[in-house]
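K.L.:
attaching a predicted model along with its sequence, questions to come.
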Amino acid sequence: MARYTGPTTKIARKFGEPIFGSDKNFEKRNYPPGQHGLAAKRKKQKEYGVQLKEKQKVRYMYGLLERQFHNTYLKAARMSGQKGENLLFLLESRLDNVVYRMGVAPSRAAARQLVNHAHITLNGAVCNIPSAQVKPGDTVAVRERSKSLEVIQKSVASAPKYSWIEFDAKALTGKFLNVPARTDIPESINEQLIVDLYSK
């Protein structure tokens, strides 16, 4: 499936925040890209533009294409509870995101690649589908033959911890304890703007 493989700093500058993680290049030039980048920063956006920008930001953040993101939203809308929070919970429950949260990969794009290349198991079975939904109680682990990969070892050494994931750094095995509370998700996301956009 097609996905964005271009420069991430350019996208981060477009949204005005390091959505792909810490970025030295973004820190140097934290204004929109292009010849009129600084002027664009002062330009006032309309309501629709603000909503669209928030949706695109979350899409890039989690690495989804438009149709896939829209289908995820429709699934969230059918669930009980608030649509915006349901959307974030579905995105956080994706296998590639859980691998990233475990600290096995330095970014969601890297986590997606590990899953695609069959380095990850879900409940003991190899799973190469990044969008697979992980349920509370499921176990996600690195395959035995992949545990010595340098990118994994380097990432685990500096990985942050999250309350909804129990991770054994020695065995490279994690357990998805529960869907995170909205306040636990560290990214700066205004999900209500996305709901308002799709509700038009």
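P.N.:
Sure thing, it's come through.

K.L.:
distance of the spatially most central residue of the chain relative to Gly124?
P.N.:
In the chain, the residue lying closest to the centroid (CA atoms, centre = their mean) is Tyr62, at 3.1 Å. According to CB to CB, to the nearest Å, Tyr62 and Gly124 sit 26 Å apart. Just so you know, the C-beta spots here come from the backbone N, C-alpha and C atoms, and that holds for glycine as well.

K.L.:
try Arg94
P.N.:
For Arg94 relative to Gly124 (CB to CB), the value is 19 Å.

K.L.:
what's the domain layout of the protein?
P.N.:
1-44, 94-178 (automatic domain parsing).

K.L.:
tell me the phi and psi of Val142?
P.N.:
Dihedral pair for Val142: phi -90, psi 140, per degrees, to the nearest 10.

K.L.:
actually, Phe167.
P.N.:
phi -130, psi 130.

K.L.:
just Arg94 next, same as before
P.N.:
Per degrees, to the nearest 10, the backbone of Arg94 is at phi -60, psi 150.

K.L.:
list the helices and strands the host helix or strand of Gln153 packs on?
P.N.:
Using DSSP states H and E, Gln153 sits in helix 150-157. Packing partners of helix 150-157 (3 or more CB pairs under 8 Å, 6 or more residues apart in numbering; DSSP states H and E): helix 108-116.

K.L.:
which residues does the next helix or strand after the helix it packs on contact?
P.N.:
Using DSSP H and E, the helix or strand that follows helix 108-116 in sequence is strand 120-122. Strand 120-122 is contacted by residues 95, 99, 104, 114, 126-128, 132, 134, 138-143 when judged by CB atoms under 8 Å, 6 or more residues apart in numbering.

K.L.:
same check, this time on stretch 141-150
P.N.:
With CB under 8 Å, 6+ apart, stretch 141-150 has contacts from 104, 114, 118-121, 124, 126, 152, 171-174.

K.L.:
can you select the buried ones among the residues you listed for me in ChimeraX?
P.N.:
Command for ChimeraX that selects the buried part of these, burial taken from 16 or more other CB atoms under 10 Å:
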select :104,114,119,120,121,152,172,173,174
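
K.L.:
quick one: least confident helix or strand in this protein?
P.N.:
For the chain, counting by mean pLDDT, DSSP states H and E, helix 37-42 ranks last in confidence among helices and strands (a mean of 61).

K.L.:
in helices, which of the contacts of strand 120-122 appear?
P.N.:
Among the contacts of strand 120-122, DSSP state H puts Leu95, Val99, Leu114 in helices.
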